[in-house]
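Trainee: Okay, here's the prediction I keep looking at, along with the sequence it came from:
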Amino acid sequence: MPIDVSQHADLSATDYLLELVDLFENANVGILVTDFDGTVRRANRAQRRIVGWPDAGSSAPELSVRALLDATTWERLTATAARGHALHNEPVTIKRPDGSTADCLLDVNGEPDGGLLRIVTRPAFVASLPGPDGTDAWEWHRRWSQSDVTPLVEGLDEAGVQSLTKELDDLFELLPVPVHAMARTAEVRRTNQVHLRFLGCEDEPERFVGQNLLPIFAVEADLVAMGEAMTGQSGIVNFPTTIHRLDRSTLPMTVYSSMVVRDNDFVGTRCFVFFADASDAPDIASAADPA
């Protein structure tokens, strides 16, 4: 199991759920779960901001992702997911409800038997953070902020806690992009299947989970720059770097990360990593598969 249970042994069921809800709601990339007909099951704050939807607590008509994308794109997303594969770095133009548009990149997979799609969305940035002030990536981060997720869990009974925990555990485990949450001491607290597969330790998750995260970054200057950005701006956006697999081969990848702060104390990071070259992803359709 990719989660290092020993690192969560001291947490109550509710506190563990709070970690999952925080990872979802306060990510600096959009995360969206929909039915195959486009009906939205769950969307985080970044996703809502990208597409111009109201906050989750607002009164609004039922949302559908199909209204955001052209029919050809939607058919491609669902057809690929139905074959058990993923799309990475898929360029799309999103049509917001107010009539404006946004150029974005999507990573998508799904559960064809359950009619469920998992979509990770990021604006098609030109720049990155760390990087010059005033760029598109900097502006995105400047308007990003953490929210207190406690109200989203308060009032849940034991069955509700268990149900939401399973839903979010499954979501992060099966997202199409590598995810890792790092503790303050730089150990990996959790990761997911695609992360373990590209690292080369899907059958031995303990080679990554519970270990120090920093050695996977191959370029020391990048690691220094990301560390300075994390401590200075509390985040990393669209940052290109190189990551070691456990066999010491390398892949170019793009990092989005944000600092987890509780009671004004740094407690860890929430990090999403994207394949710079979609062909490096272990879950894409092969050339032999039908379009």
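Mentor: Cool, got the structure.
Trainee: for the residue nearest to the spatial centre of the chain, which residues make a bridge with it?
Mentor: Compute the mean C-alpha point of the chain, and by C-alpha atoms, centre = their mean the closest residue is F272, 4.8 Å away. For F272, the beta-bridge partners are V179, Y256 (DSSP bridges).
Trainee: what pLDDT does it get?
Mentor: On pLDDT, F272 comes in at 98.
Trainee: any idea how far it lies from T241?
Mentor: In this view, F272 and T241 are 13 Å apart by C-beta to C-beta, to the nearest Å. Backbone N, C-alpha and C define where each C-beta goes, glycine included.
Trainee: any common contacting residues for these two?
Mentor: Common neighbours of F272 and T241, counting by C-beta atoms under 8 Å, 6 or more residues apart in numbering, are V255.
Trainee: check which helix or strand covers F266.
Mentor: Using DSSP states H and E, the element containing F266 is strand 265-275.
Trainee: unless I'm mixing things up, the residue nearest to the centre of the chain is touching A27, no?
Mentor: Yes: counting by C-beta atoms under 8 Å, A27 is a contact partner of F272 at 6.5 Å.
Trainee: Need the residues touching each of those two.
Mentor: Joint contacts of F272 and A27 (C-beta under 8 Å, 6+ apart) are Y256.
Trainee: which residues sit in contact with L246?
Mentor: L199, G200, C201, R207, F208.
Trainee: Looking at those, which is nearest A71?
Mentor: Nearest to A71 among the contacts of L246 is L199, at 37.0 Å by C-beta to C-beta.
Trainee: Tell me which other helices or strands the helix or strand hosting T121 touches.
Mentor: In this structure, T121 sits in strand 116-123 according to DSSP H and E. In terms of contacts (3 or more C-beta pairs under 8 Å, 6 or more residues apart in numbering; DSSP states H and E), strand 116-123 is packed against strand 30-35, helix 45-51, helix 71-82, strand 101-111.
Trainee: Serialize the ones you listed to CSV and add fields for distance to I216, mean neighbour count and mean pLDDT.
Mentor: Output for the helices and strands packed on strand 116-123, formatted as CSV (distance: least, C-beta to C-beta, whole Å; neighbours: other C-beta atoms under 10 Å; pLDDT from 0 to 100):
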stretch, distance to I216, mean neighbour count, mean pLDDT
strand 30-35, 22, 22, 96
helix 45-51, 24, 21, 95
helix 71-82, 28, 17, 94
strand 101-111, 20, 20, 96
